[in-house]
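Asks: structure, please.
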Amino acid sequence: MKKHLILAGTLFCLSMYAQKGNDQLKREFEKQKIENEKQFDAYAEKIYGKSPDSATQKTIDSLKSRLGGFHFGVPYFLQEQDTRQLMNANSDLLNTPGNISGLSGSFNGENIKYTIFDGGRIYGSHTAFNNAPGRVTNKEDSSQSYSDHSTGVGSFIGGKNAPLTNSSGVSVGNAKGVAINSTMDSYMFSTTTLPGDTSTSTVFQKIQTSQPNISNHSYGINPGWNENYDSSGNISSYIYNGSKSGGTFYDFQGTYDSNDYNYDALVYNNPSFVIVKSAGNSFGMGPNGTGSTVPKYYKTSSGQAPFSSSDTVPANNCSLGYDCIGPGSLAKNIIVVGATDIIGSNNYRYTSASDVVHSDYSSAGPRDDGGIKPDISTVGTDVYYASTSATGSNAWAGGSGTSFSAPVVTGIIGLWTQIYKQLFNNAVFNAASAKVLTVHSASEAGNAGPDPWFGWGFINAKKGAELLVGKANNTVIFNDETLISGVKNNKLITASGSEPLKVTVSWIDPEYEPNYQFVSDVYNNRTSKLINDLDVRIIDTTNNTIYYPWKLDANNPMTPATKADNTVDNVEQVVLDNPVAGRVYRVEISNKGTLVDDSGNPAPQNYSVMVTGINQASVLGTSDVTKDSGIIIAPTITKDYVKVFKAPARSIFSVYDLSGKKLQSGKLQGSEESIDLSSYVKGIYIIEVKSDNNIISKKVIKE
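Replies: As a prediction, the model looks like this:
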């Protein structure tokens, strides 16, 4: 049975506010909660009356705790829906030593903590987690029930080795998780009162409270057709979750809404948050083509209404093969995961793109503006997990869903983090670098390049680990860098010629405000949801040929991706399949317009970049400034002062750290001015100089 959690979207207009940060986000999330609950109280009174009996009031309270928001007056609610998967993704090769050249030891999640947001508490006493004490910490009140789904998700991330047999003693699989020595914090996605608090917290407020480095979110929204089942497992009704306006029905599939806004805002203000989320299980749902006489309803602000004989019944979800991912799983700064079938051949190992089969329930993208979703895919079908009752038990079950593919990806990112910490002095990924590594290391699946079913491909834990080793030995470029508006960052590299020359760039983009006024505004809205549009190109320095990144056609996303200017994704990848060995190419990273922060103020944009297919130590030179302005910023290594020469009168200087925070600014009065860095800690800083008709920047090192 497919299992997935359905989270509602809120499409109310979000007001703009001043410079954002976590304190401001706390106020914004509290405001959202109050407005949603007020709207729900009015809705409940309309549906259930002013004086409901105790049983009805219990139902109302339960619904209110799982309220996810409203779509134009219609409420949506949160609802719950083996080692083969490890071998398919190659994560088992990280669990034992000797499989990755250049790495010592095994990687099983030691000193890695995952934070899981799900339908209830994880049953930490399950034998899946008894290989070490204290592996699961429940952060919810002890009165909250254990959840089969939550416990299962936890076991995909970190359940111990668990060979399973059927009643006849025949082996059926293994429920072993990715990171068996990791720890997990468990939260509920519903609105609850956390221990020690006096007021309730939504899932977004809980994310702020928990400050997770790596978190799993196996819930989502089904904004199209949903299927209700009776006690015998038969479909009892079809519910359409879109809206009717006049005589037309509009769905919210592919719509970036305020849930996406919230996730993007959280990551933008907390770049270390790596959020992994399921894509959904609604592909193909709907009554059309079934010949069924089962009742069909659509939702209204006053409840649900039956379709009339004159209504044109909307198409099934993803009827054209695409466009059925719901809001909340369309955010730019998170990693969204689709599901595939088990690779049963080749000893459960990936060998080619044809090995990867889209699971028939796994929701497909892209976002309505053409943004690539899901981001990645892995096995989620016919897999085994730790199961439990509401009071706790030690059982095992099998099932399918993107709820189960997402924690596999979450687990792998944790193993990569463990490797990164070993190789690079305990450093950790930010959200942009985690996405770059996930995308760049992915194995091809489906069409060449990205597509709406698999995103950037099928996750490959082994390849990701090898790329980290490549960074350590200088055969791979994998850096966090900063871009200044109008200033191109260039790298001159020499192609090895033994593999494709590939560049992947990702950045944490400011949240987009979904200010939708009418129902029709949210249906297939093609407006780009990017705030800062970075561009990456590979340029052949011999003949000046320019190579462009992958791009999906929003109107025809099932056709193979093309290579062109991409204006909708905050991941861009350029691939040159047959570079000339020994030839020098230029990797150019630039931007359109003016780069801004999440309050609209001009600011540098941080990004992560990976380049492979190069000769060792092949970076011949870099240039942070491509404009010949005559202005000089020197020295680039200093203990105290940096000087600016030949700047026009009344030029403005600014100093930024690598997070983009402005540390100081002022006017340059003469042809030679000093900027004092002596009070700053050791590190890399950016000096920006603006004149009336020019802007330049330079990275300097404070020793």
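Asks: could you pull out the strands for the stretch 51-200 of the chain?
Replies: Under the criterion DSSP state E, counting those that start in this stretch, the stretch 51-200 of the chain contains strands at 67-71, 74-77, 113-118, 136-138, 163-165, 171-174, 183-188.
Asks: what strands line up against the fourth one, and which way round?
Replies: Each strand pairing with strand 136-138, determined using DSSP bridges, is listed with its direction: strand 183-188 (parallel).
Asks: gap between the strand it pairs with and the chain center?
Replies: 19 Å (CA atoms, centre = their mean, to the nearest Å).
Asks: can you check stretch 172-192 too?
Replies: 18 Å.
Asks: pretty sure residue 265 contacts residue 531?
Replies: No: assessed by CB atoms under 8 Å, residue 265 is found out of contact with residue 531, at 11.4 Å. Heads up, the C-betas are built off the backbone N, CA and C, glycines and all.
Asks: overlap in contacts of those two?
Replies: Counting by CB atoms under 8 Å, 6 or more residues apart in numbering, the residues touching both residue 265 and residue 531 are 511, 598.
Asks: more crowded one of the two?
Replies: When residue 265 and residue 531 are compared on other CB atoms under 10 Å, the one with more neighbours turns out to be residue 265, at 26 against 21.
Asks: the stretch 601-703 of the chain: strands as residue ranges?
Replies: Remark: strands assigned in the stretch 601-703 of the chain by DSSP E, counting those that start in this stretch are 605-612, 621-623, 632-634, 637-638, 641-645, 651-657, 662-668, 672-676, 683-691, 694-702.
Asks: go on, the stretch 301-450 of the chain?
Replies: So, for the stretch 301-450 of the chain - with DSSP E, counting those that start in this stretch - the strands run 303-306, 335-340, 376-379, 383-387, 395-399.
Asks: how about those in CSV, adding mean neighbour count?
Replies: As requested, the strands of the stretch 301-450 of the chain are exported to CSV (neighbours: other CB atoms under 10 Å):
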stretch, mean neighbour count
strand 303-306, 12
strand 335-340, 30
strand 376-379, 29
strand 383-387, 25
strand 395-399, 18
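Asks: need these in TSV (columns: mean pLDDT and distance to residue 90).
Replies: Formatted as TSV, the strands of the stretch 301-450 of the chain follow (pLDDT from 0 to 100; distance: least, CB to CB, whole Å):
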stretch	mean pLDDT	distance to residue 90
strand 303-306	90	46
strand 335-340	98	14
strand 376-379	97	10
strand 383-387	92	16
strand 395-399	90	22
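Asks: name the residues that touch stretch 508-519?
Replies: Contacting residues not belonging to stretch 508-519 are listed as 11, 13-14, 16, 72, 243, 245, 250, 255-258, 260-262, 264-265, 267-268, 271, 332-333, 430-432, 522, 525, 529-532, 570, 596-598, 606 [CB under 8 Å, 6+ apart].
Asks: just the ones of these in helices?
Replies: Among the contacts of stretch 508-519, DSSP state H puts 258, 260, 261, 262, 264, 265, 267, 268, 431, 432 in helices.
Asks: which other helices and strands contact the lengthiest helix in the chain?
Replies: With secondary structure taken from DSSP H, the chain has its longest helix at helix 22-48. If contacts are counted by 3 or more CB pairs under 8 Å, 6 or more residues apart in numbering; DSSP states H and E, helix 22-48 sits against helix 54-65, strand 67-71, strand 74-77, helix 203-210, helix 258-269.
Asks: adding mean pLDDT and distance to residue 289, write the ones you listed out as a markdown table.
Replies: Converted to a markdown table, the helices and strands packed on helix 22-48 look like this (pLDDT from 0 to 100; distance: least, CB to CB, whole Å):
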| stretch | mean pLDDT | distance to residue 289 |
| --- | --- | --- |
| helix 54-65 | 76 | 32 |
| strand 67-71 | 69 | 26 |
| strand 74-77 | 68 | 26 |
| helix 203-210 | 96 | 36 |
| helix 258-269 | 96 | 31 |
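Asks: distance to residue 345 added to the ones you listed, as TSV?
Replies: Below are these laid out as TSV (distance: least, CB to CB, whole Å):
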stretch	distance to residue 345
helix 54-65	45
strand 67-71	40
strand 74-77	41
helix 203-210	39
helix 258-269	37
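Asks: which residue ranges of the stretch 301-450 of the chain form helices?
Replies: 402-423, 431-440 (DSSP state H, counting those that start in this stretch).
Asks: which intervals of the stretch 501-650 of the chain have sub-threshold pLDDT?
Replies: Scanning the stretch 501-650 of the chain for pLDDT under 70 picks out the ranges 616-629.
Asks: quick check: beta-bridge partners of residue 688?
Replies: residue 654, residue 697.
Asks: what's near enough to touch it?
Replies: By CB under 8 Å, 6+ apart, residue 688 lies in contact with 484, 604, 653, 654, 655, 656, 695, 696, 697.
Asks: okay, it: pLDDT?
Replies: Model confidence at residue 688, given as pLDDT, is 85.
Asks: okay, now residue 573: neighbour count?
Replies: By other CB under 10 Å, 25 other residues sit near residue 573.
Asks: what's the separation between it and residue 197?
Replies: 43 Å (CB to CB, to the nearest Å).
Asks: repeat for residue 570
Replies: Taking CB to CB, one finds residue 570 at 34 Å from residue 197.
Asks: of those two, who's got more company?
Replies: Using other CB under 10 Å as the criterion, residue 570 and residue 197 rank with residue 570 on top: 26 against 12.
Asks: look up phi and psi at the residue nearest to the more buried one when sequence neighbours are not counted.
Replies: Leaving aside its chain neighbours, residue 570 sits nearest to residue 509 (4.4 Å; criterion: CB to CB, 6 or more residues apart in numbering). Backbone torsions of residue 509, given as degrees, to the nearest 10, read phi -90, psi 140.
Asks: starting from residue 92, give me the distance back to residue 509.
Replies: From residue 509 to residue 92 the distance is 34 Å (CB to CB).
Asks: looking at those two, which is more packed in?
Replies: For residue 509 and residue 92, the more surrounded residue by other CB under 10 Å is residue 509, and the numbers stand at 24 against 19.
Asks: look up how far residue 413 lies from that one.
Replies: Distance, residue 509 to residue 413, by CB to CB: 20 Å.
Asks: what does residue 529 give?
Replies: For residue 529, the distance to residue 413 - CB to CB - is 24 Å.
Asks: check residue 259 too.
Replies: For residue 259 relative to residue 413 (CB to CB), the value is 22 Å.
Asks: swap in residue 550?
Replies: Going from residue 550 to residue 413 by CB to CB gives 22 Å.
Asks: more crowded one of those two?
Replies: Between residue 550 and residue 413, residue 413 has the larger neighbour count (other CB under 10 Å), namely 27 against 22.
Asks: correct me, but the more buried one touches residue 438?
Replies: Yes: using CB under 8 Å, residue 413 is in contact with residue 438, at 7.0 Å.
Asks: now, of the strands of the stretch 601-703 of the chain, which is deepest in the fold?
Replies: Across these, the average number of neighbours (mean count of other CB atoms under 10 Å) peaks for strand 605-612, which reaches a mean of 23.
Asks: CA atoms of that strand as CSV?
Replies: Taking Å, rounded to 0.1, in the frame of the first residue of the first chain, the C-alpha atoms of strand 605-612 are listed here in CSV:
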residue,chain,number,x,y,z
GLN,A,605,24.9,35.8,-3.7
ASN,A,606,26.7,32.8,-2.4
TYR,A,607,26.7,29.6,-4.5
SER,A,608,28.3,26.2,-4.7
VAL,A,609,30.1,25.0,-7.8
MET,A,610,31.5,21.6,-8.9
VAL,A,611,33.6,21.0,-11.9
THR,A,612,34.7,17.5,-13.1
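Asks: and the nearest residue to residue 603 once chain neighbours are set aside, what are its phi and psi?
Replies: Closest residue in space to residue 603, ignoring its immediate chain neighbours: residue 597 at 4.1 Å, by CB to CB, 6+ apart. When read as degrees, to the nearest 10, the backbone of residue 597 gives phi -90, psi -170.
Asks: just give me the neighbour total for residue 597.
Replies: 20.
Asks: surely it meets residue 604?
Replies: No: contact criterion CB under 8 Å: residue 597 and residue 604 do not qualify, at 9.0 Å.
Asks: would you mind splitting the chain into its domains for me?
Replies: 1-474, 632-702 (automatic domain parsing).
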